[in-house]
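can't give you the sequence, but here's the structure:
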């Protein structure tokens, strides 16, 4: 049989010495290997497991339900959030109503970069939006994730160093392995029709596209938030409100001290 990974998460009900050792011994007797283990929340542990026979996982689960020292939270094939929770020791916060919206704060940039890198590694079309106030680290996180995913990134519109607004690509840039980065505010408020024609061409590519300020982007285009596969929210602190009032009152992108590129 082919070996298969499983994710096991439990909540400690009675924290007694040797509890983890007992669970490890039980897994060993069932020929289930522990790949990684970490605390994923207060009073909770997550384990990535490897088993050759899924029937041993079923036996393991039945034994767990007879134990009063722990409560089984999850025992399933690992999802991306499970892997990252074990790797980083915390779960990515997910919006209760919008299941494709994930929340991060600046202290979790490492987790955000890891999460985005895993998304970037997946093949095919993917549209990702990133919300956040200016200078919170949106663009830097995208670039760092691209490096981790071994992807070549292209700025279609951006304000990272200079205001960039592209209206064409060279031939080898039309590549599904490339990652395309757009700034929704720059594209909708500063660009011309040639730029928008390029955006439509890029949208048809079977590649990853990341759009900063997706709410502004959809207000001025034929696209909607339903077109996005993932929405990322990045804040300086958990209570920060993401608003575009500053941009409405003063177009901060119109007079960048670094000048601009338009090509």
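Noted; the coordinates are in hand. Computed from a predicted structure; not experimentally measured.

ok, residue 158 - contacts?
Contacts for residue 158 (Cβ atoms under 8 Å, 6 or more residues apart in numbering) come out as 139, 164, 181, 182, 183, 186. The C-beta positions use only the backbone N, C-alpha and C, and glycine is treated the same way.

could these go into TSV alongside distance to residue 132?
Below are those laid out as TSV (distance: Cβ to Cβ, whole Å):
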residue	distance to residue 132
139	10
164	19
181	14
182	15
183	12
186	15
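
in strands only, show me the residues you listed.
Residues of these located in strands (DSSP state E): 164, 181, 182, 183.

mind giving me the ChimeraX command for buried ones among these?
A single ChimeraX command is used to select the members of the ones in strands among the contacts of residue 158 judged buried by 16 or more other Cβ atoms under 10 Å:
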select :164,181,182,183
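
now do the strands in the stretch 151-263 of the chain.
Along the stretch 151-263 of the chain, counting by DSSP state E, counting those that start in this stretch, strands occupy 152-155, 157-158, 163-165, 178-183, 208-212, 230-235, 260-262.

for the protein, name the helix or strand with the lowest mean pLDDT.
strand 260-262 (a mean of 45; mean pLDDT, DSSP states H and E).

which one of the contacts of residue 158 is nearest residue 2?
Proximity of the contacts of residue 158 to residue 2 (Cβ to Cβ) peaks at residue 181, which lies at 38.2 Å.

contacting residues for the closest one?
So residue 181 contacts 139, 142, 143, 153, 154, 155, 156, 158, 209, 210, 212 (Cβ under 8 Å, 6+ apart).

mind putting these into JSON lines with distance to residue 113?
As requested, the contacts of residue 181 are exported to JSON lines (distance: Cβ to Cβ, whole Å):
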{"residue": "139", "distance to residue 113": "12"}
{"residue": "142", "distance to residue 113": "9"}
{"residue": "143", "distance to residue 113": "9"}
{"residue": "153", "distance to residue 113": "13"}
{"residue": "154", "distance to residue 113": "19"}
{"residue": "155", "distance to residue 113": "18"}
{"residue": "156", "distance to residue 113": "21"}
{"residue": "158", "distance to residue 113": "18"}
{"residue": "209", "distance to residue 113": "18"}
{"residue": "210", "distance to residue 113": "13"}
{"residue": "212", "distance to residue 113": "15"}
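
confirm that residue 131 sits in a helix.
No. If the criterion is DSSP: H, G, I helix; E, B strand; the rest coil, then residue 131 is strand and not within a helix.

low-scoring stretches of the stretch 1-150 of the chain, by residue?
Under the criterion pLDDT under 70, the flagged ranges of the stretch 1-150 of the chain are 1.

ok, residues contacting stretch 221-238?
98, 100-106, 112, 116, 119, 126-133, 136-138, 141, 188, 196, 203, 211, 214-215, 217-218, 242.

list only buried entries from these.
101-105, 112, 116, 119, 126-133, 136-138, 141, 188, 203, 211, 214, 217-218.

rewinding a little: columns distance to residue 233 on top of the ones in strands among the contacts of residue 158, output as JSON lines?
Converted to JSON lines, the ones in strands among the contacts of residue 158 look like this (distance: Cβ to Cβ, whole Å):
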{"residue": "164", "distance to residue 233": "24"}
{"residue": "181", "distance to residue 233": "17"}
{"residue": "182", "distance to residue 233": "17"}
{"residue": "183", "distance to residue 233": "16"}
